[in-house]
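Asker: give me a 3D structure for the following:
(one chain, ligands or ions: 2)
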Amino acid sequence: MDKLFIFDTTLRDGEQVPGCQLNKIEKIQIARALENMGVDVIEAGFPVSSPEDFASVVAISKAVSQPIICALARCTKNDIELAAQSLQYAKNKRIHTGIGTSDEHIKYKFHSTKEEILERAIEATHFAKKLVEDVEFYCEDAGRTDNEFLAIVVEAVIKAGATVVNIPDTTGYCLPQQYGEKISYLFNNVPNIHKAIVSTHCHNDLGLATANTLAGIANGARQIDVTINGIGERAGNAALEEIVMLLKCHGELAIDTGIDTRKIAAASRLVSNLMNMPIQPNKAIVGRNAFTHSSGIHQDGILKNPHSYQIINPKDVGIDTDTILLTARSGHAALKHRLNLLGVEIDAEQLDTIYQDFLVLADKKRVVLDEDILILARQKNTSIKSLKLEYLQATSGLGITPSATIRLALEGKTYEASAQGNGPVDAAIKALKTIVQKKMLLHEFTIQSMNRGSDDTGKVHMQVEYEGRLFYGFGANTDIVTASVEAYIDAINKFLSREV
Ligand code: KIV
Ligand code: ZN
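Answerer: Ligands and ions are numbered 1, 2, ... in the order given. So this is what the prediction gives:
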């Protein structure tokens, strides 16, 4: 079996997605799940982009020890220096630097020439190599870069010390055959190619990220950049779970990823939940329907023999089909067991508080689902210094003017207000705004049910503009007016925490 290195960029390319921003605690939770699963490299952030990103790379470097921790840097001294500083506590560290190499990037982004780009690439690699041993170089937009120039850059950066060369199809443009030929071209035309590992980084703009990654592997790439659930810029990146499972299903390819596939479902839910990114129901491997057989003919076949319609045993990806239903009668132990299966580690004190909320929810809903539990666990992560909703009463209906009264608590003080609006959410938000007197503008506002049934938990996502910046808020409750106000408050807490 050939070893394929798994480079997970959920916390960098994935976290770049609007609305997916995480706090440090959440990033550590995901990094630990990735470590447990057995990924080889965690791209923990882009330290120059913000002080928060820098601090997160530091925190992740301290929290996990098995995988290589990687930090992204453009080809500038400042970026590379900050990346190295952010990695100071990492046991195994890597700087991932690079520059655009396609004509489009050279001409329109850098107003430069191939010669200058080559020089910058070599200089940056030399500089990074002085600070860390392990340097990965990415040729941004390699998918649209002409192969001859790509080979020149790859040869030069390997000579300058790059241990891994990354060939991103940044715009998701390539067809699988083209991408495979690109990788093959490098193996045939770069004399020192065997001194480095070749990596894929495929975006999904044409729905080909997985196919292109596979083409890269088939032509010699031995590292793949992937994300959990395939999240990432625009249409996303190649999904870790898809490549890992296709290699497991096709043992004849003789590629070993070293991933503990039974941890996939928990990691997928954790990322979806913390990043506010719902998983499409028919998503391969991790979608709600991925192992659901609905037609009578299929059900009959499955009952006779699961192999008739199932190429993957759900248990192999950590989907426990015999799960215990969590209801108001379930105890602490059952809740803790479920949380652990979902990838959430908690201490006894946290379990106690989550359990109280669990009982309240279980009284409202007959069965408490995994998604509900993840939301309860997540709500306990919010800081004590933040604004909290203590009380909300909203009245609405045909022939009456909707109105709402809310009470908020902040650092030991409480504030109450009432207002009318064109609906209960509008009234509640108007009341909220009379307390929080800041110039805020609501942009996106989506309400989704989590599963089905009128007793379901409603999830609300909001974008609130404040001082020219967009802040994302999330709320979940069986009462959608409460969920909406919680989402607004979540967004307010995000900018309040920056003002402190
Ligand atoms: O898509 C891309 O080119 C990237 C690089 C920074 C690796 O994300
Ligand atoms: Zn990317």
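Asker: interface residues of the protein facing ligand 1?
Answerer: Selection of the chain residues close to ligand 1 by C-beta under 6 Å from any ligand atom yields D13, Y138, E140, N166, P168, T170, H201, H203. Where you see a C-beta, it was placed from the backbone N, CA and C, and this is true even at glycine.
Asker: quick one, phi/psi of the fourth one?
Answerer: The one in question is N166. Dihedral angles of N166 (phi, psi; degrees, to the nearest 10) stand at phi -100, psi 130.
Asker: show me the protein divided up by domain.
Answerer: 2-274, 291-318, 323-381, 387-499 (automatic domain parsing).
Asker: buried deepest among those domains, which one?
Answerer: Mean neighbour count, computed with mean count of other C-beta atoms under 10 Å, is highest for domain 2-274 among the domains of the chain, reaching a mean of 21.
Asker: mean confidence for it?
Answerer: Averaging pLDDT along domain 2-274 yields 97.
Asker: hmm, S484 is touching Q448, no?
Answerer: No. Under the contact definition of C-beta atoms under 8 Å, S484 does not touch Q448, with a separation of 11.9 Å.
Asker: which neighbours do these two share?
Answerer: V460 (C-beta atoms under 8 Å, 6 or more residues apart in numbering).
Asker: for the closest residue to G161 other than its chain neighbours, which residues are in contact?
Answerer: Using C-beta to C-beta, 6 or more residues apart in numbering and skipping the chain neighbours, the partner closest in space to G161 is K129 (3.7 Å). Contact partners of K129, counting by C-beta under 8 Å, 6+ apart, are V135, A160, G161.
Asker: tell me which element the residue nearest to T210 when sequence neighbours are not counted falls in.
Answerer: In this structure, T210 finds its nearest non-sequential neighbour in E242, 4.7 Å apart by C-beta to C-beta, 6+ apart. In this assignment (DSSP states H and E), E242 forms part of helix 240-249.
Asker: list the contacts of that helix.
Answerer: With C-beta under 8 Å, 6+ apart, helix 240-249 has contacts from 4, 6, 8, 10, 39, 210, 213-214, 217, 224, 226-230, 253, 255-257, 259, 261, 264, 268, 284-286, 311-312, 316-317.
Asker: so of those residues, which ones are in strands?
Answerer: Assigned to strands by DSSP state E, the following of these qualify: I6, D8, I224, V226, I255, D256.
Asker: tell me the strands in the stretch 101-250 of the chain, going along the chain?
Answerer: 135-140, 164-169, 197-202, 223-226 (DSSP state E, counting those that start in this stretch).
Asker: just send those strands back as CSV, with distance to E349 too.
Answerer: Formatted as CSV, the strands of the stretch 101-250 of the chain follow (distance: least, C-beta to C-beta, whole Å):
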stretch, distance to E349
strand 135-140, 41
strand 164-169, 43
strand 197-202, 42
strand 223-226, 36
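Asker: could you point out the longest helix of this protein?
Answerer: helix 480-499 (DSSP state H).
Asker: by contact count, what packs against that one?
Answerer: strand 388-395, strand 403-410, helix 424-435, strand 440-449, strand 458-466, strand 469-477 (3 or more C-beta pairs under 8 Å, 6 or more residues apart in numbering; DSSP states H and E).
Asker: with mean pLDDT and distance to Y89 added, can I get the ones you listed in CSV?
Answerer: Shown next, in CSV, are the helices and strands packed on helix 480-499 (pLDDT from 0 to 100; distance: least, C-beta to C-beta, whole Å):
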stretch, mean pLDDT, distance to Y89
strand 388-395, 95, 34
strand 403-410, 94, 34
helix 424-435, 95, 41
strand 440-449, 84, 37
strand 458-466, 86, 34
strand 469-477, 84, 29
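Asker: could the ones you listed go into a markdown table alongside distance to K77?
Answerer: Below are these laid out as a markdown table (distance: least, C-beta to C-beta, whole Å):
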| stretch | distance to K77 |
| --- | --- |
| strand 388-395 | 44 |
| strand 403-410 | 43 |
| helix 424-435 | 46 |
| strand 440-449 | 37 |
| strand 458-466 | 34 |
| strand 469-477 | 28 |
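Asker: tell me which of those sits nearest to V17.
Answerer: Nearest to V17, of all the helices and strands packed on helix 480-499, is strand 469-477, at 10.4 Å by C-beta to C-beta.
Asker: show me what that closest one is packed up against.
Answerer: Applying 3+ C-beta pairs under 8 Å, 6+ apart, we find strand 469-477 packed against strand 458-466, helix 480-499.
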